[in-house]
Structures are given as structure tokens and as C-alpha cells.
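here is my input; please provide its structure:
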Amino acid sequence: MAGKPTSGAAVRPQGACAQHPYHRGAASMAYVTTQDSVDIFYKDWGPRDAQVLFFHHGWPLSADDWDAQLLFFLQQGFRVIAHDRRGHGRSSQVWDGHDMDHYADDVAAVVRHAGIGKAVHIGHSTGGGEVVRYIARHGEERVAKAVLIAAVPPLMVRTENNPGGLPKSVFDDFQFQVATNRAQFYQDVPAGPFYGYNRPGSEAREGVIRNWWRQGMMGSAKAHYEGIKAFSETDQTEDLKAITVPTLVLQGDDDQVVPYKDAALVQAKLLKNSSLKIYPGFPHGMCTVNADAINADLLAFIRA
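A predicted model of the protein is given here:
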């Protein structure tokens, strides 16, 4: 990372060619420094006066995982924003703060710095947990709607009060893999369950697998290791109950990473104002491999 942001200001904007169709209005990539001195990278593309869509990525990826959505919605006239979570992508590889509260506070820092009013917050997987904690912790004043896509709330790990959760040994193994051979683990996950490429008849796309690996290896092993605890052990039941803005819940019934019966179905029950759609056969990474269907449903919800 060349240079260091100062005083919480966005620096090193990288404006793009004004003639390019994706770059009507302002287009930039920049950093904001949080109160605890973490540099958060974010993309901010589109007209300043357009409706803002704020995208929150999953573990262990980056804002780049939203490529298929950012370009689509930019073409639809929206302003799109996506950040790299602390310890992920191009953001600071700090040693601490890898928990939902800090994730939410980092989002609030980007929202304040970018001058965002009523945004639609869209989160995938761990990013869905981040959206839920951000709204519950920072309120709905700057939130128009929310979307949870294959999201981790309310709680992934099995406990006495959450008997339908996954055994803690599953997440212990995730941490073991990250600690001992992260590069191989980040090959195996996208080549297998993440995109459903381990299903009979599925045609794996090498570029998709390599892009997942690239994003993962950009981030901090420590952030990813501790992030597993954050996404699996954070109970967000009360967070979901606190949200009143219209919320769209989307998940595939062949999600091999986050079981939909203990995620999307429960989210829809706990939220006060939700719409639910379950996609037959769609995998966890459906925003990438089923982008056309997801984008169409997102657009309909946002414009409703």
C-alpha cells in the first residue's frame, strides 16, 4: 500500500476516464482512517446525487467480490460503494478489532466520510452479519433498506440454545486450515462447496476460483483466523429483531457453507419487515455464478 492516509480523509483517489460508460459522474477508490487508526479501502462510483447502494463482502474476500453487482448497478444509474473489511483486501492488516462491533463501526466511518444519506445496505455471508450489526448498533437514520444474501445471522455455531447450528469443530477446522495451509484451503473452498463446483454436472470456472483465491490471499491471515470466530459465534438474534427497515432475505437451498434453514428462514421470522426468496439449487456464492438472477431481484426490491 503506497503512502498512508491521514486525518481520516480519503486520499489517493484514482479517477477513471470520464468517457467510459461506467464512469459517468464521479468515480473513485480511496481510504478513510477510522478512530482507531485503521485505513479502510473503499470504492465509490457513480453520480453523487444518485441512490447509494453499499455492498458488504463475505469472508475472506474483498470489495472485488461484488464486481458483477457494482458494474450492473452503476449502469442502472446508482451510486455504488463497497469497502474492504479491516484485515481484508487493501485495508490495513491490523492485529485487533476483528469482530462484528468493529466491522460495524468501520462501515459507519465510511458512511460518515462519504456523506452517505439513506443507503441500501447489501451484505453477503459475513457481510450480511456486518449489515445487521451496523444497523442495530448505529441506527436506521442513514439506512433506506437492507438485503441479506446467504448471510450468517442469527448464529452459525451449535449451542444449547441453537441446536440447529453447525458443530464448533467445523469452525475449529477452518481455523486450523487457515493457520497451517491457507493457500491450499483458499483453493479448495472455491473449487468445491462455495460455488457448488463439487456437485455432479457442475462446470467449474477456473477464473472464478482463481479470483476467490486472489482476494483471500490479499488479506491478513490473522484477520481471517479471528474472523471465523466473529462470523460463527456472534449471536445476532437481538440485532435482527431491532431492524425495522424493509429487508430482503435471499439464499440458495444448496448453500453448503451457511445452511439456509438456520439462516434465511430464521432471519425472515425475526425481522419485522422482511421479504424472503429461496433459490432452488443455488450455492453460497450465487452473487457471482447466478449474478443475472440475483441482480434482477435486487433491482426490483431497490426500486419498489
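
which residues of the stretch 1-150 of the chain fall in helices?
For the stretch 1-150 of the chain, the helices identified by DSSP state H, counting those that start in this stretch occupy 67-75, 100-113, 126-138, in order along the chain.

let me know the helix or strand that residue 213 is in.
Per DSSP states H and E: residue 213 is located in helix 206-218.

average pLDDT across that helix?
Helix 206-218 shows a mean pLDDT of 98 in the predicted model.

and for stretch 239-250?
If you average the pLDDT over stretch 239-250, you get 98.

put the alpha carbons of that stretch into PDB.
Coordinates of the C-alpha atoms in stretch 239-250 are reproduced here as PDB (Å, rounded to 0.1, in the frame of the first residue of the first chain):
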ATOM      1  CA  ASP A 239     -29.900  -7.400  16.100                       C
ATOM      2  CA  LEU A 240     -32.300  -8.900  13.700                       C
ATOM      3  CA  LYS A 241     -35.300  -8.100  16.000                       C
ATOM      4  CA  ALA A 242     -34.200  -4.500  16.200                       C
ATOM      5  CA  ILE A 243     -34.300  -3.800  12.400                       C
ATOM      6  CA  THR A 244     -37.500  -2.200  11.100                       C
ATOM      7  CA  VAL A 245     -36.400  -1.100   7.500                       C
ATOM      8  CA  PRO A 246     -37.600  -3.200   4.600                       C
ATOM      9  CA  THR A 247     -35.200  -6.200   4.300                       C
ATOM     10  CA  LEU A 248     -34.900  -8.700   1.500                       C
ATOM     11  CA  VAL A 249     -33.600 -12.100   2.500                       C
ATOM     12  CA  LEU A 250     -32.100 -14.300  -0.300                       C
END
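
just how off-centre is the helix holding residue 213 within its chain?
A distance of 16 Å separates the C-alpha centroid of helix 206-218 from that of its chain, computed with Cα atoms, centre = their mean, to the nearest Å.

where does residue 18 land on pLDDT?
Reading off the per-residue confidence, residue 18 sits at a pLDDT of 34.
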